[in-house]
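Student: 3D model of this:
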Amino acid sequence: MSEVIQDTAVLDKLCPMHLLLSATGVIGHAGPTIQKLRPQSPLVGRRFFDTVAVKRPRGIHGMEDLRRATGVKLHLALRDAPRTELKGLLVPLGDGRTVVNLSFGISIFDGVQDYALTNADFAATDMAIEMLYLMEAKSAAMEASRRLNLRLQEARIAAEEQAFTDILTGLKNRRALNAVLERLITAGESFAVMHIDLDYFKAVNDSLGHAAGDHVLQTVARIMVQETRSSDMVVRLGGDEFTVVLPDVRNESMLKRIGQRIIDQLEEPIQFNGKACKVSASIGTVWIQRGDRQSREVVLANADAALYASKHAGRARHTFYSPALRRPANLDPPTSGEQGACGS
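Tutor: Sure, this is the predicted structure:
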């Protein structure tokens, strides 16, 4: 057997991760791949147990212990950083020397990445190459699947966002309003709902057309977002109707301030193609106290009743709902087309 092993080039070709140990455990030769793991530290001349720690089987501390483990799978780790874990198999030679053939085992992928190894660093018949290809294929497939799932998730989020968004103004729509109200009511939180209707908006459409009306609605939407808190949700219900949902309401004065800011800002004429479009806002607000479990339909109906009271009182008003408010069945609010709404 010793005569066969005289040519270490054969071992280098067949077992590029082998170590050839002397009877006293000194490394006499190292395969090219195992040496590549420590390019700045030659392995030849070092003691095996100073280079490698035997983790299993336990109790191997010297060459006599090591030789008794002939034919047993060894679990090892390089002692210096990085402490790469290896598998090994021991074959004693007749002249007192020992060959320890090493491999990465299932850590082949990490080993290849950590040490920039290629298929040329392994024996042509080594199953590690097939395993590496399989792991790379699996990694590529998982990455492709991850990207596909990410695109699908982004598409789903975009579709949901579109389903909850008013296209003209970019505000949330009625569907989003219903979802948020149901969540707040279920949680028993304190919140308020402002129902806002534009005064004289019909006159804008009648005198300047729908392009002017769209411009006014977009401007109104921007003003409402600016005059409310970042935690509030501004909704366009349709036409010239808007709703603001205000979570975490502590006092009525805060609601009065926000409502008045909206009314004041919308009193300013909105310019369109050299024309001043004049609208105003009537607001009805309902404040739901913590633990009040009114239904969504009742909350919106109460906000609508408060809005009607503002309209009936002369517009550009802000009314808070109270049980005393009841919409008369035989009265309609004044039409929004009263007065001229656009001028030079």
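
Student: Roughly how far does Lys311 sit from Ile196?
Tutor: 11 Å (Cβ to Cβ, to the nearest Å). For the C-beta atoms, the positions are set from N, CA and C on the backbone; glycine is no exception.

Student: So between these two, which is more surrounded?
Tutor: Set Lys311 next to Ile196 and count neighbours by other Cβ atoms under 10 Å: Ile196 wins out with 28 against 20.

Student: could I get the helix or strand hosting the more buried one in PDB with only the CA atoms?
Tutor: Following DSSP states H and E, one finds Ile196 within strand 191-199. Extracted in PDB, the C-alpha atoms of strand 191-199 (Å, rounded to 0.1, in the frame of the first residue of the first chain):
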ATOM      1  CA  PHE A 191     -63.400  58.700  16.600                       C
ATOM      2  CA  ALA A 192     -65.300  61.400  14.600                       C
ATOM      3  CA  VAL A 193     -66.800  61.500  11.200                       C
ATOM      4  CA  MET A 194     -67.100  64.800   9.300                       C
ATOM      5  CA  HIS A 195     -69.500  64.800   6.300                       C
ATOM      6  CA  ILE A 196     -68.700  67.600   4.000                       C
ATOM      7  CA  ASP A 197     -70.600  68.900   1.000                       C
ATOM      8  CA  LEU A 198     -69.600  71.700  -1.300                       C
ATOM      9  CA  ASP A 199     -71.900  74.700  -1.700                       C
END
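
Student: which helices and strands sit right next to that strand?
Tutor: helix 210-226, strand 241-247, helix 252-267, strand 280-288, helix 296-312 (3 or more Cβ pairs under 8 Å, 6 or more residues apart in numbering; DSSP states H and E).

Student: what comes up buried for the last one?
Tutor: Using 16 or more other Cβ atoms under 10 Å as the test for burial, helix 296-312 gives 296, 299-312.

Student: Rounded mean pLDDT for the helix or strand following it, please.
Tutor: Next in sequence after helix 296-312, counting helices and strands by DSSP H and E, comes strand 318-320. Mean pLDDT, strand 318-320: 96.

Student: what's the answer for stretch 250-264, then?
Tutor: Rounded mean pLDDT across stretch 250-264 is 93.

Student: The protein - how does it break down into domains?
Tutor: Following automatic domain parsing, the chain resolves into domains at 4-125, 128-163, 174-343.

Student: pull the CA atoms of stretch 223-237 into PDB?
Tutor: What follows is stretch 223-237 as a C-alpha-only set of coordinates in PDB (Å, rounded to 0.1, in the frame of the first residue of the first chain):
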ATOM      1  CA  ILE A 223     -56.900  71.500   0.900                       C
ATOM      2  CA  MET A 224     -58.700  68.900   3.000                       C
ATOM      3  CA  VAL A 225     -55.600  66.800   3.300                       C
ATOM      4  CA  GLN A 226     -53.500  69.800   4.200                       C
ATOM      5  CA  GLU A 227     -56.000  70.900   6.900                       C
ATOM      6  CA  THR A 228     -56.400  67.600   8.600                       C
ATOM      7  CA  ARG A 229     -53.900  65.400  10.600                       C
ATOM      8  CA  SER A 230     -51.700  62.800   9.000                       C
ATOM      9  CA  SER A 231     -53.700  60.100  10.900                       C
ATOM     10  CA  ASP A 232     -57.000  61.300   9.500                       C
ATOM     11  CA  MET A 233     -58.500  59.800   6.400                       C
ATOM     12  CA  VAL A 234     -60.100  62.000   3.800                       C
ATOM     13  CA  VAL A 235     -62.700  60.300   1.500                       C
ATOM     14  CA  ARG A 236     -64.500  61.400  -1.600                       C
ATOM     15  CA  LEU A 237     -67.800  59.700  -1.600                       C
END
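
Student: I'd like the distance from it to the chain centre, please.
Tutor: Relative to its parent chain, stretch 223-237 has a centroid offset of 25 Å by Cα atoms, centre = their mean, to the nearest Å.

Student: in that stretch, what counts as buried?
Tutor: Here stretch 223-237 shows Ile223, Met224, Val225, Glu227, Thr228, Asp232, Met233, Val234, Val235, Arg236, Leu237 as buried, counting by 16+ other Cβ under 10 Å.
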